[in-house]
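Enquirer: I would like the atomic coordinates for the input below:
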Amino acid sequence: MKILVATDKPFAPVAVTMIREVVEKAGHTLALLEKYKTPQELHAAVADADAMIVRSDIVDADVIAAAPKLRIVVRAGAGYDNLDLNACTGANVVAMNTPGQNSNAVAELAFGMMVYSARGGFDGKSGSELMDKTLGIHAFGNVGRCMARIAAGFGMKIFAFDPFVDSKAIAEAGVTPVDTIEELYSKCQYVSLHIPANEKTKGSIGERLLSLMPQGAVLVNTARKEVINETELVALMEKRSDLKYLSDITPDNAEIFAQKFAGRYFFTPKKMGAQTEEANINAGVAAARQIVSFFATGDETFRVNKPR
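Expert: Numbers count the residues shown, from 1 in each chain. Purely as a prediction, here's the structure:
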């Protein structure tokens with residue numbers, strides 16, 4: 001089988017080497033398409049591929065249509081909103097992600113931004129500490145659990161809301177579960193977002209929830225920019241000079257933040273939650289192993305689309 005690694009933002013060379021070892025040991029062939037400039041380049045490369053590994057690359061209906069032999073595509077990472085699941089299902093292509101492989105990297109970045117903000121961007125003036133502050137974890141999945149582990153080391157008071165995780169499991173992780181999302185936001189000075197971007201969550205984080213947060217509130221977003229109602233966030237930050245916003249996704253209205261909220265926001269230049277060598281390797285190798293297992297035994301453990 002031909003397995004294509006198609007990455008506009010390539011894996012680290014060591015990750016490519018390890019992916020190749022997994023693929024070739026199983027008797028398959030690896031092909032690389034890196035730093036491509038146009039969709040047409042991707043269409044040409046995937047034309048004879050049986051499987052494909054991508055990162056944030058868009059796999060839409062046109063890509064699927066250009067790949068008549070494709071049986072499986074794996075997003076090396078947790079979020080998979082770059083995959084057209086309906087197109088995959090329609091073409092009988094299995095779509096997967098690799099949950100948990102970059103969780104620690106994302107959590108560490110979140111805390112890096114939190115410390116940077118608490119210390120005033122290291123501007124030489126007096127800042128504040130994270131110890132004894134309240135942290136609300138919105139969605140207690142793999143990243144949320146890493147957030148809780150790191151927060152415990154900082155001595156924070158940790159709360160979590162996730163209607164899909166049993167409260168007993170949250171408590172066993174040393175975190176206080178809350179029953180409603182409103183309670184989470186009203187209790188916590190820091191709220192860290194780890195929700196997916198879907199029809200229910202897009203634009204869901206806005207004035208209704210953020211206005212509940214106590215004085216000195218900080219919203220941390222390493223999820224997706226689409227979950228933020230940017231218009232309402234800006235309006236609330238104009239009303240509340242204590243509110244800060246930290247994100248590894250630059251919002252569409254970033255110029256407004258630059259004009260109005262100096263010292264109250266921080267954005268990375270591109271989405272960087274998973275941008276570590278370790279996460280790069282983990283996600284890429286996991287994707288390769290999942291493809292090998294799929295071809296060997298039909299394993300669909302991490303499938304995210306519905307069968308046709």
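Enquirer: Isn't Thr7 up against Ile58?
Expert: No: in this structure, Thr7 is not within contact of Ile58 by CB atoms under 8 Å, at 11.9 Å. (Each C-beta comes from the backbone N, C-alpha and C, glycine too.)
Enquirer: Tell me which of these two has more neighbours.
Expert: Using other CB atoms under 10 Å as the criterion, Thr7 and Ile58 rank with Thr7 on top: 21 against 14.
Enquirer: The closest residue to that one other than its chain neighbours: neighbour count?
Expert: Leaving aside its chain neighbours, Thr7 sits nearest to Arg55 (5.1 Å; criterion: CB to CB, 6 or more residues apart in numbering). By other CB under 10 Å, 20 other residues sit near Arg55.
Enquirer: For Arg55, list the residues it contacts.
Expert: Thr7, Asp8, Lys9, Phe11, Arg75, Ala76, Gly77, Ala283 (CB atoms under 8 Å, 6 or more residues apart in numbering).
Enquirer: got it, and Leu209?
Expert: Contact analysis of Leu209 by CB under 8 Å, 6+ apart lists Ile181, Glu182, Tyr185.
Enquirer: Quick check: which element contains it?
Expert: Using DSSP states H and E, Leu209 maps to helix 207-210.
Enquirer: per-residue confidence averaged over that helix?
Expert: Across helix 207-210, pLDDT averages out at 98.
Enquirer: What's the first helix or strand after it?
Expert: Next along the chain after helix 207-210, taking DSSP H and E as the criterion, comes strand 218-221.
Enquirer: all helices of the protein, in order?
Expert: Secondary structure of the chain by DSSP state H: the helices cover 13-25, 39-46, 61-65, 85-90, 103-118, 142-154, 167-172, 181-187, 207-210, 230-239, 254-260, 277-297.
Enquirer: The ones you listed: which one's closest to Phe161?
Expert: With respect to Phe161, and counting by CB to CB, the nearest of these is helix 181-187 at 4.2 Å.
Enquirer: which residues are contacting that closest one?
Expert: With CB under 8 Å, 6+ apart, helix 181-187 has contacts from 134, 136, 138, 159-161, 178, 191, 209-210, 212-214.
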